[in-house]
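*Asks:* everything below, folded, please.
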Amino acid sequence: MDGQINQPNNQQENVTAEVKTQEQAAKPEVQVNFPAEDTRPSRPFAYRYRGVILAIAAIVLLILPPADLTIVPFLIFINVMIIAVYLRIRARQAIGDHSRRTTQDAPVLVTWGAYGRMRHPLYVSNIAIAVAIVVLHLGISWLLIPFFVFVYAFGVYLSKLDDHYLEKRYGDEWRLWAMHTNPFIPREIHVPGPICSAKQAIISDMYTWIWLALVIGLMLFRKIDFILWA
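*Replies:* Modelled structure (predicted):
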């Protein structure tokens, strides 16, 4: 009796096993091909550590004795800084939350907004803010020259890296845009495109504002300390 009862069960198990085998054979074999090497864009040293390099330059600047504030340079370069901050916000409105940070990446070639007027509004903003801070700290002196040369040369170098990467990635699309758009001098044209709000632009650039506030705060502290001990 036991053998007769178990026989149907065994037949049912065999049929189930055959069905499972047929289902597994019908499924395509999934293969995952991992890249043999890292294909991400190269990251030059100066690009990866541009924030560290600028921080070292700021420390060297703040170590130097501050100059007395004079009204004309103060008014001129405070306005330069305000315009530069405004330009940075406008540039951020065009590119949104995306930032290359330590890697070079551009999922979209942004050619509208501030980038419709010039190719590198962020670098122009950085150079202008740095120049304003140097003048406000050192005043008008020969010490401005090496800082001006460094800030301008470093900004141009980083912009060339961006140009090289974007041309390689977007080809004729980038060359057509670059043909009509100067890297640093704005043109009188408005190119419409998707932009985020000024609030979103400010929030997405929060680390920059914190860094800028820290440098300005240390600069003011150095001036007050210099005045008290002079």
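*Asks:* give me the mean pLDDT for the helix ranked longest in the chain.
*Replies:* Ranked by residue count and defined by DSSP state H, the top helix of the chain is helix 144-170. Taken as a whole, helix 144-170 has a mean pLDDT of 93.
*Asks:* just stretch 67-84 next, same as before
*Replies:* Averaging pLDDT along stretch 67-84 gives 90.
*Asks:* for that stretch, buried residues please.
*Replies:* Neighbour-count burial for stretch 67-84, counted by 16 or more other Cβ atoms under 10 Å, picks out 67, 73, 77, 80-81, 84. Where you see a C-beta, it was placed from the backbone N, CA and C, and this is true even at glycine.
*Asks:* just put these in a markdown table and tack on distance to residue 55 and secondary structure.
*Replies:* Output for the buried residues of stretch 67-84, formatted as a markdown table (distance: Cβ to Cβ, whole Å; DSSP: H, G, I helix; E, B strand; the rest coil):
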| residue | distance to residue 55 | secondary structure |
| --- | --- | --- |
| 67 | 22 | coil |
| 73 | 25 | helix |
| 77 | 21 | helix |
| 80 | 21 | helix |
| 81 | 18 | helix |
| 84 | 18 | helix |
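*Asks:* name the nearest of those residues relative to residue 213.
*Replies:* Of all those, residue 213 sits closest to residue 81, with 12.2 Å by Cβ to Cβ.
*Asks:* tell me the contacts of the closest one?
*Replies:* Residue 81 makes contact with 128-129, 132-133, according to Cβ atoms under 8 Å, 6 or more residues apart in numbering.
*Asks:* cool, residue 156 as well?
*Replies:* Residue 156 sits next to residue 123 when contact means Cβ under 8 Å, 6+ apart.
*Asks:* ok, now residue 55?
*Replies:* Residues near residue 55 by Cβ under 8 Å, 6+ apart: residue 211.
*Asks:* how many neighbouring residues does the nearest residue to residue 178 once chain neighbours are set aside have?
*Replies:* Ranked by Cβ to Cβ, 6 or more residues apart in numbering and with sequence neighbours excluded, the top spatial neighbour of residue 178 is residue 119, at 6.4 Å. Residues within reach of residue 119, counting by other Cβ atoms under 10 Å, total 23.
*Asks:* hang on, isn't residue 119 packed against residue 180?
*Replies:* No - contact criterion Cβ atoms under 8 Å: residue 119 and residue 180 do not qualify, at 10.0 Å.
*Asks:* report the secondary structure state of residue 185.
*Replies:* Three-state assignment for residue 185 (DSSP: H, G, I helix; E, B strand; the rest coil): coil.
*Asks:* tell me the pLDDT of residue 96.
*Replies:* For residue 96, the pLDDT comes out at 77.
*Asks:* ditto for residue 42
*Replies:* pLDDT at residue 42 comes out at 55.
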